[in-house]
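J.: take a look and give me a structure for this.
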Amino acid sequence: MEREWHVGRDNSNPFARRFNVLPTSTVPMLRRDRDSGDIVLVGARWGLIPHWWKGAKLPTFTINARAEEAAAKPMWRHAWRHARCLIPAEGWYEWRAMERVNRETGEVKSYKQPFYIHRADARPFCFAGLMANWQAPDSDDAILSCAILTRAAAGPATEVHDRMPVALPDEAFDGWLDPGLKDATQFAREHALSRELTHYAVSTRVNNVRNEGPQLIEPLAA
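T.: Residues are numbered from 1 along each chain as shown. Next comes the predicted model:
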């Protein structure tokens, strides 16, 4: 990430390459430094906690924000206007409902087949993201968190799922992070990757949260 985008990081701990990232995990995130104006690499919790959150239990189902709703929803509204970020990735998984026939019994069973979606040129990219700083009442340390913006599927991704993350090319980074951006919805729609993407089926091993490693993104044998 540092080589690809010529960014520094806020500490000396490198990010491990991950292949099965779970909600609430610490993920790499790019944001604009308020003082220097440079884009910096930091760690953030995947699962946004808005700065105003008061509940003892942290919010759930906040790993993704729908682009069509984020500007108006209280959960996302402040981050949408004031705290946009970028979340680096090599690809992501989507699942398609399929059926298989038991050759011995003839029984038809439904299952979800995972697919790995990535850039056709294999380059990394960034998801358009929203971020927030939240501080628990009984703690002096703030938690930096983030969510990935999603949209209706377009391009090859429609063959797998009806939704997809907003994946941005390098040339859109500055615009997405610009605090003066007036219409983030239109920007995300106009700049998101779609035709540049491709996909292939992978092993259902990725469905087990305990599995990790590069074998998870290997193409499924025919």
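J.: in this protein, which spans are strands?
T.: Ranges of strands within the chain are 8-9, 26-32, 39-46, 64-66, 84-89, 91-101, 108-119, 125-135, 142-152, 163-165, 167-168, 197-201, based on DSSP state E.
J.: could I get these in a markdown table, plus columns for distance to Ala184 and mean neighbour count?
T.: C-beta coordinates here come from the backbone N, C-alpha and C atoms, glycine included. Shown next, in a markdown table, are the strands of the chain (distance: least, CB to CB, whole Å; neighbours: other CB atoms under 10 Å):
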| stretch | distance to Ala184 | mean neighbour count |
| --- | --- | --- |
| strand 8-9 | 26 | 14 |
| strand 26-32 | 14 | 21 |
| strand 39-46 | 17 | 19 |
| strand 64-66 | 11 | 18 |
| strand 84-89 | 7 | 23 |
| strand 91-101 | 21 | 14 |
| strand 108-119 | 23 | 16 |
| strand 125-135 | 8 | 23 |
| strand 142-152 | 9 | 22 |
| strand 163-165 | 15 | 21 |
| strand 167-168 | 12 | 25 |
| strand 197-201 | 21 | 17 |
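J.: out of the ones you listed, nearest to Ala16?
T.: The closest of the strands of the chain to Ala16 is strand 26-32. By CB to CB, the value is 9.9 Å.
J.: neighbouring contacts of the closest one?
T.: The contact list for strand 26-32, computed with CB atoms under 8 Å, 6 or more residues apart in numbering, reads 1, 5, 7, 15, 18, 21, 38-46, 85-88, 126, 129, 131, 144, 146, 173, 177, 179.
J.: now do the same for it: mean pLDDT, whole number.
T.: The average pLDDT within strand 26-32 is 95.
J.: cool, and stretch 176-184?
T.: On average, stretch 176-184 scores 93.
J.: how long is that stretch end to end?
T.: Start-to-end span of stretch 176-184 (CA to CA, to the nearest Å) is 7 Å.
J.: tell me the gap between that stretch and the middle of its chain.
T.: Centre-to-centre, stretch 176-184 and its host chain are 19 Å apart (CA atoms, centre = their mean, to the nearest Å).
J.: for the strands of the chain, which one sits closest to Asn207?
T.: strand 108-119 (6.7 Å).
J.: thanks a lot, see you next time.
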